[in-house]
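Asks: structural data only, the sequence is not supplied:
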């Protein structure tokens, strides 16, 4: 991550600084705020204002809150005075990133604390023993079920950062089922990645991007459903083939030499496989499971975000402590130990956010967007569609936020579809698929944090994911090309 931060800092010395003007809706004043580098002005919140600015979006998308972030205004790109990021910016960026990512960092630490308390109660040992007996001979069902359910969460409400909570819970189950940690990692991470990549009703990507492109979010829904089913099926088959190979011969595991270390990490080397699942332990597991159910319901239906999610897990840990009758000092000690075990993950998330801060302060993201829009204009529609796929893949390195990328790029990129005679929904598709595919290896995304949860090296992940990534890229290019013809 530090190498990447240094590379991005160097880019700010090479890529010219520039920025688009932005437009935001002020709900309290019921007016637009147009902002450039020198000043901000209030404009009437009318459809005429949007048309004058060449923004093809219905006014109600702003007034009803569908578009809640500032959007880029087409044809307003201006070069700025260079603002290269030097040694001071490079050194302070990780600290700024940790501060900026405090919400997800505290979620990770509180989840770690909850896991620490759960481990102390023995509920995990009993639950894993019970589940491994239930799944004996049918463990492949676990792969299909976990990957599919998490993909459903991804495609409907953008389940991504929240999956960090699942790694310490589910991976021991996969290991107990005679698979390796890579299988568990793949089911959780790839389920989320494929689901969000092929988002269907996800308000944080599909709906925001469609609104910013000036089209209804249901336009192109059939193509996205076909992509979801196709890519998810390919992914599950790939995981199942690897899992079967590992189960038949554990030495075929990509991480075989780490087997003992990973089992020790998750406490499986001293797990009591004969722990009986008592009524008290069932109640503890019930409270623990309820935390995740409440989190999913809150995020998908109640507009919850990190503060509310973190509070749920903190309260869950306290309730479990009472049920288990842990003494106060024991509870605190185990909670702190659990949080400390995920501290490295929290730091990785913060440093990744620091990379984004370097790009923002260097004003290079909009310059990349401007030149990409010039490159793609007027191409053959088949070529254009696939070029946009790779353009958006590259964008995701510089703009990790899906909603931020949507409101910044869609007003600029969506009109290009009109010039090559294809529907604007194709731009929305490339915006989803390109970053979704690159997300599988994007170091400024979640993959490094996910790998840190299970202590697997990035090189091992690349060895595992590369064949699947190639197949998914070729499949996506084929389906995109067919969709525009």
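Replies: Cool, the structure landed. All figures in this text were calculated on a predicted structure; none of them were measured in a lab.
Asks: residues in contact with residue 15?
Replies: 362, 364, 367-368 (Cβ atoms under 8 Å, 6 or more residues apart in numbering). The C-beta positions use only the backbone N, C-alpha and C, and glycine is treated the same way.
Asks: scan the residues you listed and report the most crowded one.
Replies: residue 364 (26 neighbours; other Cβ atoms under 10 Å).
Asks: now it. Nearest residue, chain neighbours left out?
Replies: residue 15 (4.4 Å; Cβ to Cβ, 6 or more residues apart in numbering).
Asks: so how far is residue 239 from that neighbour?
Replies: Taking Cβ to Cβ, to the nearest Å as the measure, residue 15 falls 39 Å from residue 239.
Asks: immediately after the helix or strand hosting residue 185, which helix or strand?
Replies: Per DSSP states H and E, residue 185 falls inside helix 181-197. Tracing the chain C-terminally past helix 181-197 and defining elements by DSSP H and E, one meets helix 208-213 next.
Asks: which SSE is immediately downstream of the helix or strand harbouring residue 222?
Replies: According to DSSP H and E, residue 222 maps onto helix 221-248. Helices and strands here follow DSSP H and E; after helix 221-248, the next one along the chain is helix 259-265.
Asks: pull out the buried residues from the helix or strand that comes right after that next one.
Replies: Next helix or strand after helix 259-265 toward the C-terminus (DSSP H and E): helix 279-301. For helix 279-301, the neighbour count (16 or more other Cβ atoms under 10 Å) marks 281, 284-285, 287-288, 291-292, 294-296, 298-300 as buried.
Asks: quick one: contacts for the residue nearest to residue 283 when sequence neighbours are not counted?
Replies: The shortest distance from residue 283 to any non-neighbouring residue, by Cβ to Cβ, 6+ apart, is to residue 323 (5.8 Å). Residue 323 makes contact with 280, 283-284, 287, according to Cβ under 8 Å, 6+ apart.
Asks: try it again at 10 Å.
Replies: Residue 323 makes contact with 121, 123, 280-281, 283-284, 286-287, according to Cβ atoms under 10 Å, 6 or more residues apart in numbering.
Asks: return the member of the residues you listed nearest to residue 464.
Replies: residue 123 (30.9 Å; Cβ to Cβ).
Asks: average pLDDT for the helix or strand harbouring residue 23?
Replies: Using DSSP H and E, residue 23 sits in strand 22-26. When pLDDT is averaged along strand 22-26, the result is 88.
Asks: the stretch 351-485 of the chain: helices as residue ranges?
Replies: Taking DSSP state H, counting those that start in this stretch as the criterion, the stretch 351-485 of the chain carries its helices at 365-376, 381-398, 402-419, 425-438, 447-454, 458-484.
Asks: where does the stretch 351-485 of the chain dip in pLDDT?
Replies: For the stretch 351-485 of the chain, no stretch is flagged by pLDDT under 70.
Asks: so where's the stretch 101-250 of the chain shaky on pLDDT?
Replies: The low-confidence ranges in the stretch 101-250 of the chain, as defined by pLDDT under 70, are 124-125, 128-129, 131-132, 135, 137.
Asks: and if we set it to 90?
Replies: Scanning the stretch 101-250 of the chain for pLDDT under 90 picks out 101-109, 111-142, 145-146, 149-150, 152-179, 200-221.
Asks: list the contacts for residue 68?
Replies: Applying Cβ under 10 Å, 6+ apart, the residues contacting residue 68 are 24-25, 27, 61-62, 208, 403, 407.
Asks: can you do 6 Å?
Replies: If you count contacts by Cβ atoms under 6 Å, 6 or more residues apart in numbering, residue 68 has none.
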